[in-house]
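**Q** this one's sequence-less:
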């Protein structure tokens, strides 16, 4: 076993970005450094070097990650959320605490910078759970045979997206996202970083490259009513398939038309694969539901960085009145105690003044995301005490919306 000095994590220096990208290239066995170097450069330039973290051991950089700040939509509220991703460690330094040092450092850094929430796409739920992240959602994953997909809609009103379509696409996404929790608010900066990472072609050409995402829109009467982001890829068996990163539409008819258009993208593709929120109803629209494979899959992992600020960011029913004290255990930030009071449609927090309910930050995060209702959390023993008016009051504070983040989201 390789003996190393205790690794330590820190923010990157601008002249180290290429080195950190090389670490990621080696760790992910990639042919290029650009997928990591380009977003790291963008974040360092536009958000600051604290959003690119490295771990150092034996006098060299051996691990790296990035965290991209944005806003997440929770109904009509916008809450700051940093997506953590590209967590990479050189093979010979794995299982030596290097990534762990970075994860603890990024939590503390995000807290210091006023970030309230965080999300990531995990390689291991158990690993990131150790640092406070927890399963944030479930999704419905569909595998639609091409012959079914091509028959459920009319692709005639779809076309490749142009750069000038991005504002309308953003407006549509932001408006429809208010039905869920955790979707990133789409603004020019969000799309700018997406473009750096994915290099979307927005020139209106309809030829579709292999394994490079493209955007198509559904337009009617000059109005964009839906869009899809997809690429020509392969399924888990290596068979040609259309992989969908995001599919957003004003109506079911519009969505089905986009599905039908994607079915035409590759003559060799056997299926279309896409995720949808847990309450999606596609199977109810298919004449033979058994023709479509559908399974419930774990979604993203989610973490509340600052529970007090998270609650203060929520709009609630102005008729709700009351107080509740929280005792939250956080593996990185320690014990968090405070009292939350509902008043005039907002939540105000103050120092702990009485006994209340206790839970881990992982449970608080699941409750806040909307994935786990407080009453259910209490029922399965994740909240103590698991009965009484405090649980009922917490139930009234948390809006009843499901969480969702598509595969287009960073992390």
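**A** Yep, that arrived. Worth saying up front: this structure is predicted, and the values here are computed from it rather than measured.
**Q** alpha carbons only for contacts and neighbour counts from here, please
**A** OK.
**Q** And the next helix or strand past the one helix or strand residue 245 maps to?
**A** Residue 245 belongs to strand 240-249 when assigned by DSSP states H and E. Downstream of strand 240-249, the first helix or strand assigned by DSSP H and E is helix 252-262.
**Q** in that next one, what's buried?
**A** Using 16 or more other CA atoms under 10 Å as the test for burial, helix 252-262 gives 254-262.
**Q** now swap in stretch 189-196 and tell me
**A** Buried, per 16+ other CA under 10 Å, within stretch 189-196: 190, 193-194, 196.
**Q** Let's have those residues in JSON lines, adding secondary structure and distance to residue 310.
**A** Shown next, in JSON lines, are the buried residues of stretch 189-196 (DSSP: H, G, I helix; E, B strand; the rest coil; distance: CA to CA, whole Å):
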{"residue": "190", "secondary structure": "helix", "distance to residue 310": "21"}
{"residue": "193", "secondary structure": "helix", "distance to residue 310": "25"}
{"residue": "194", "secondary structure": "helix", "distance to residue 310": "26"}
{"residue": "196", "secondary structure": "helix", "distance to residue 310": "30"}
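**Q** Tell me how many other residues crowd residue 203.
**A** Residue 203 has 11 neighbouring residues, counting by other CA atoms under 10 Å.
**Q** what distance separates the strand holding residue 245 from the centre of its chain?
**A** Distance of strand 240-249 from its chain centroid, counting by CA atoms, centre = their mean, to the nearest Å, is 16 Å.
**Q** Pairing partners for that strand, with directions?
**A** Sheet pairing of strand 240-249 (DSSP bridges) gives strand 223-234 (antiparallel), strand 271-277 (parallel).
**Q** out of those, deepest packed?
**A** strand 271-277 (a mean of 23; mean count of other CA atoms under 10 Å).
**Q** just to revisit the earlier point, of all the strands paired with strand 240-249, which one is nearest residue 169?
**A** The closest of the strands paired with strand 240-249 to residue 169 is strand 223-234. By CA to CA, the value is 7.1 Å.
**Q** now what about that closest one, what contacts it?
**A** 168-169, 172, 208-219, 240-251, 254-255, 258, 262, 265-266, 269, 408 (CA atoms under 8 Å, 6 or more residues apart in numbering).
**Q** again with stretch 87-104
**A** Contacts for stretch 87-104 (CA under 8 Å, 6+ apart): 2, 4, 6-10, 23-24, 26-28, 53-57, 62-66, 131, 332.
**Q** What of stretch 287-305?
**A** So stretch 287-305 is in contact with 107, 110-111, 115-122, 125, 132-145, 148, 278, 283, 310, 361-362, 364-366, 368-369, 404-405, going by CA under 8 Å, 6+ apart.
**Q** List the residues that contact residue 35.
**A** Taking CA under 8 Å, 6+ apart, one finds residue 197 in contact with residue 35.
**Q** Offset the numbering so it begins at 447, please.
**A** Got it, first residue is 447 now, which makes that one residue 481.
**Q** just checking, it is part of a helix?
**A** Yes - assessed by DSSP: H, G, I helix; E, B strand; the rest coil, residue 481 belongs to a helix.
**Q** Tell me how far it lies from residue 823.
**A** 39 Å (CA to CA, to the nearest Å).
**Q** on that earlier part again, distance to residue 745 and pLDDT for the buried residues of helix 698-708 - can I get that in TSV?
**A** Shown next, in TSV, are these (distance: CA to CA, whole Å; pLDDT from 0 to 100):
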residue	distance to residue 745	pLDDT
700	25	96
701	21	96
702	23	94
703	26	96
704	23	97
705	22	96
706	25	95
707	26	95
708	23	96
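**Q** Which member of those is positioned nearest residue 841?
**A** residue 701 (33.5 Å).
**Q** Give me the neighbour count for residue 790.
**A** So residue 790, with other CA under 10 Å, has 14 neighbours.
**Q** Who are the contact partners of the residue lying closest to it once chain neighbours are set aside?
**A** Among residues not flanking residue 790 along the chain, residue 764 sits closest, at 4.7 Å (CA to CA, 6 or more residues apart in numbering). Residue 764 makes contact with 789-792, according to CA under 8 Å, 6+ apart.
**Q** Filter the contacts of stretch 733-751 down to the ones in helices?
**A** Among the contacts of stretch 733-751, DSSP state H puts 553, 556-557, 571, 594, 729, 756, 807-808, 810-812, 814-815 in helices.
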